[in-house]
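> missing the sequence, but the structure's below:
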């Protein structure tokens, strides 16, 4: 037993120059990649094998604005919002390492606000589809698998965004209080607070944006 | 490049990538707006998707400046998912074929 402990705690680092938390976040994201890829591949499998016509996403997600029906417009706006939140997040990381408390806080808050807007628009989209009769077991437009894959994939992604928004707010408060300047440990950990947690938060947030890139292309544009 | 202090890059690069992501998203939206169909649609969607994904991972997530050990640890397992993609496609083709046979039989 002692031998096992000694081996695993020996003074070796595979990921040099990378904080422990950041390496762990990358490994978590890798496992999340596998989850989302499994979802998208099962979506591909059911869509390719169904003999009923698949509902046309371009029409299903069209919105009537100013008396004109614009295809996929809501999804396009959601995409731009999420990309913008990724942009503000990247800049928050930069200002964090410069120990610019005010800018980091503001940018984290903007990121959280954009993320919340995205979730709000997704709730609107779900409501609209449910009112049109889309259910996980069927829908009036065509193949029954449309509903189940749609709710599962966007639901899982929306959950990730919601959790991200909560953590963005937590990190923003930590930054504002100066927890990271004074290296105060967090609520559930004895590890010292450092600005690297902003970058770790950023990795998670960019990943959420990354997953949306694939959902946008494969679910909405296919 | 070694960064003991963490990732620090000029703000301009983030703004440029942000702009580029906007352009690519608009382009992929226009693919749908102008009703491109068939292989052209597929080609454009996949190219824009991979470019966007690459930019986010490389610059926003700083993978470009990480050491190879981390890069390989994350990217190689992800590439292995292509095997699952291939299996899924084969399985779907087979299911579609059997459904076709089954439904045709039902007609007689």
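Thanks, I have the structure now. None of the values given here were measured: they were computed from a predicted structure.
> hey, let's count contacts and neighbours off CA atoms from now on
Will do.
> buried residues, stretch A:139-152. List them.
The neighbour-count check on stretch A:139-152 (16 or more other C-alpha atoms under 10 Å in any protein chain shown) flags A:139, A:142, A:143, A:144, A:145, A:146, A:147, A:148, A:149, A:150, A:151 as buried.
> need phi/psi at residue 66.
By default, I'm working from chain A. phi 50, psi 40 (degrees, to the nearest 10).
> my question was about chain B
For residue B:66, the backbone dihedrals are phi -80, psi 160 (criterion: degrees, to the nearest 10).
> also residue A:180?
Dihedral pair for residue A:180: phi -80, psi -30, per degrees, to the nearest 10.
> pretty sure it contacts residue A:171?
No - look at residue A:180 against residue A:171 with C-alpha atoms under 8 Å: they stay out of range, at 9.5 Å.
> shared neighbours, these two?
The contact sets of residue A:180 and residue A:171 do not overlap (C-alpha atoms under 8 Å, 6 or more residues apart in numbering or on different chains).
> using a markdown table, lay out the buried residues of stretch A:139-152 together with secondary structure, pLDDT and distance to residue A:123.
Below are the buried residues of stretch A:139-152 laid out as a markdown table (DSSP: H, G, I helix; E, B strand; the rest coil; pLDDT from 0 to 100; distance: C-alpha to C-alpha, whole Å):
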| residue | secondary structure | pLDDT | distance to residue A:123 |
| --- | --- | --- | --- |
| A:139 | coil | 90 | 18 |
| A:142 | coil | 88 | 23 |
| A:143 | coil | 91 | 23 |
| A:144 | coil | 91 | 21 |
| A:145 | helix | 92 | 20 |
| A:146 | helix | 93 | 18 |
| A:147 | helix | 93 | 15 |
| A:148 | helix | 94 | 16 |
| A:149 | helix | 95 | 16 |
| A:150 | helix | 95 | 13 |
| A:151 | helix | 95 | 11 |
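> for chain B, which helix is longest?
helix B:68-107 (DSSP state H).
> now do the buried residues in it.
B:70, B:71, B:74, B:81, B:85, B:88, B:89, B:91, B:92, B:93, B:95, B:96.
> can you tell if stretch B:45-57 touches chain A?
Yes - interface with chain A: stretch B:45-57 contributes B:45, B:46, B:49, B:52, B:53, B:56, B:57 (C-alpha under 8 Å from any C-alpha of the partner chain).
> which non-adjacent residue is nearest whichever residue of chain B sits closest to chain A?
When scored by C-alpha to the nearest C-alpha, chain B has residue B:96 as its residue closest to chain A, at 4.3 Å. Excluding the flanking residues, the one nearest residue B:96 by C-alpha to C-alpha, 6 or more residues apart in numbering or on different chains is residue A:49, at 4.3 Å.
> same check on residue A:199?
residue A:93 (5.3 Å).
> pretty sure the one you found sits against residue A:104.
Yes - the criterion here is C-alpha under 8 Å, and residue A:93 meets it with residue A:104 at 7.2 Å.
> find the closest residue to chain B in chain A.
The minimum distance from chain A to chain B, using C-alpha to the nearest C-alpha, falls at residue A:49 (4.3 Å).
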